[in-house]
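Participant: please find the sequence and the predicted model below.
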Amino acid sequence: MGEAIMNIYQKRYKFGDDFTLSKLAIDGTPFDACGYVLEDKVREIAGIPVEKWKIKGETAIPLGRYIMKKTPSERWGKFMWELTGVPGFTGIRPHSGNTSKDTEGCPILGKERDERHGEVSGSRVATAALYARMDAAAARGEQILWFVEGLPA
């Protein structure tokens with residue numbers, strides 16, 4: 001029997017001038033308690049190295065599969081979940097906020113979204129819900145993977 005894995009899928013669907021919205025699902029099922037992810041603008045160019053298209057603090061992370069680990073955050077002063085191995089980025093942690101100004105490259109979690117203004121709401125509740133699901137999975141010995149999917153057309 002293989003190792004148990006929790007898969008978190010962040011599927012981008014709305015690409016604004018300075019924000020990106022995604023829907024979030026766990027193991028293929030929408031997670032209503034934390035249904036949305038807000039990021040900075042997607043600047044990724046397929047096949048081009050990150051350093052050629054990244055603007056520090058204003059760029060969504062690259063597409064990919066990332067291993068989640070709970071690590072100490074100097075900035076936040078506590079242990080937080082981190083997407084590890086993100087090319088060209090460090091300290092990428094899903095956290096609460098409302099607009100793309102709150103991201104600095106990190107995924108902002110939300111229960112609801114405003115597609116017109118590129119904002120999420122219910123962020124603290126959504127963050128707590130997702131962290132509780134990840135904590136429970138980790139306590140069961142599951143590996144947690146975070147998948148980022150979707151580029152602008």
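Facilitator: All right, it came through fine.

Participant: mind jotting down where the helices sit in this structure?
Facilitator: Applying DSSP state H to the chain gives helices spanning 50-53, 123-139.

Participant: tally of neighbours for the closest residue to D32 other than its chain neighbours?
Facilitator: Counting by C-beta to C-beta, 6 or more residues apart in numbering, K111 is the residue found nearest to D32 once chain neighbours are left out, at 7.8 Å. Where you see a C-beta, it was placed from the backbone N, CA and C, and this is true even at glycine. Each residue near K111 was counted by other C-beta atoms under 10 Å, and the total is 19.

Participant: so who does K111 touch?
Facilitator: Going by C-beta atoms under 8 Å, 6 or more residues apart in numbering, K111 touches 32-36, 120-123, 125-126.

Participant: check G85 too.
Facilitator: 66-67.

Participant: distance of it from S73?
Facilitator: 17 Å (C-beta to C-beta, to the nearest Å).

Participant: try R12
Facilitator: 25 Å.

Participant: who has more neighbours, those two?
Facilitator: Each of R12 and S73 has its neighbours counted (other C-beta under 10 Å); R12 has more, 19 against 15.

Participant: skip the chain neighbours and tell me the closest residue to the more buried one.
Facilitator: G150 (3.2 Å).

Participant: which one of the helices of the chain is the most hemmed in?
Facilitator: helix 123-139 (a mean of 17; mean count of other C-beta atoms under 10 Å).

Participant: which elements pack onto it?
Facilitator: strand 5-15, strand 64-73, strand 108-110, strand 143-149 (3 or more C-beta pairs under 8 Å, 6 or more residues apart in numbering; DSSP states H and E).

Participant: got a markdown table for these, with distance to A46 too?
Facilitator: Listed next are the helices and strands packed on helix 123-139 as a markdown table, based on distance: least, C-beta to C-beta, whole Å:
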| stretch | distance to A46 |
| --- | --- |
| strand 5-15 | 14 |
| strand 64-73 | 12 |
| strand 108-110 | 24 |
| strand 143-149 | 13 |
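
Participant: ok, which of these comes nearest R93?
Facilitator: strand 64-73 (6.3 Å; C-beta to C-beta).
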